[in-house]
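> Here is a sequence together with a model predicted from it:
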Amino acid sequence: MTSKIHDVVQNVLVAAVSAISAVSTTSASASPIPASTPVPAITVSPVLVPAPLAVVPQVNVTYHVPVADAMGPFYWVTHGRCIGIFSTWQQTSSHVTGMSRASFSKVRSVAEGIQLMEEAIDRGETEVLM
């Protein structure tokens, strides 16, 4: 989204500079203006460009992790009623079934799920859905 805003602002600025250049070129190619004729001042207002959106890491995110001796298959849930790593589809489905925007995926191990979950938290890509 930030790059789209940047592109729009850049296109507007390029168009404005082109228009000013066209007016200057047209004025320069027309008959010369006598020195006694006042030249109107052109005021250019600065364009405020919004600062890029920063991804702020989420703080104190709590998520579910299965017990050490849990058997798989394992699923990690980043958007659901509860987020975390779950063993078995039966445990996972209650947190994602019927939820709009639920996000989950199968992982090979709890360790892989924890790594993926920590990365998602750092990117701000987890959400408990209500």
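Ah, there it is.

> Helices along the protein, start to end?
With helices called from DSSP state H, the chain shows them at 2-29, 89-96, 110-122.

> just checking, what packs against the second one?
For helix 89-96, the contact count by 3 or more Cβ pairs under 8 Å, 6 or more residues apart in numbering; DSSP states H and E identifies strand 74-80, strand 103-107 as packing neighbours. No exception for glycine: its C-beta is placed from N, CA and C like everyone else's.

> so which of these gets nearest residue 88?
strand 74-80 (8.1 Å; Cβ to Cβ).

> pLDDT on that closest one, on average?
In this model, strand 74-80 has an average pLDDT of 92.

> cool, and stretch 95-105?
90.

> what about stretch 112-130, how long is it end to end?
End-to-end distance for stretch 112-130, by Cα to Cα, to the nearest Å: 26 Å.

> which parts of that stretch are buried?
Residues of stretch 112-130 classed as buried: 113, 114, 117, 120, 121, 126, 127, 129 (neighbour count, 16 or more other Cβ atoms under 10 Å).

> neighbouring contacts of that stretch?
Contacts to stretch 112-130, defined as Cβ atoms under 8 Å, 6 or more residues apart in numbering, come from residues 55-58, 61, 63, 65, 74-76, 78-85, 99-102, 105, 107.

> Among the helices and strands packed on helix 89-96, show me which one is buried the most.
Comparing the helices and strands packed on helix 89-96 by mean neighbour count (mean count of other Cβ atoms under 10 Å), strand 74-80 comes out on top with a mean of 23.
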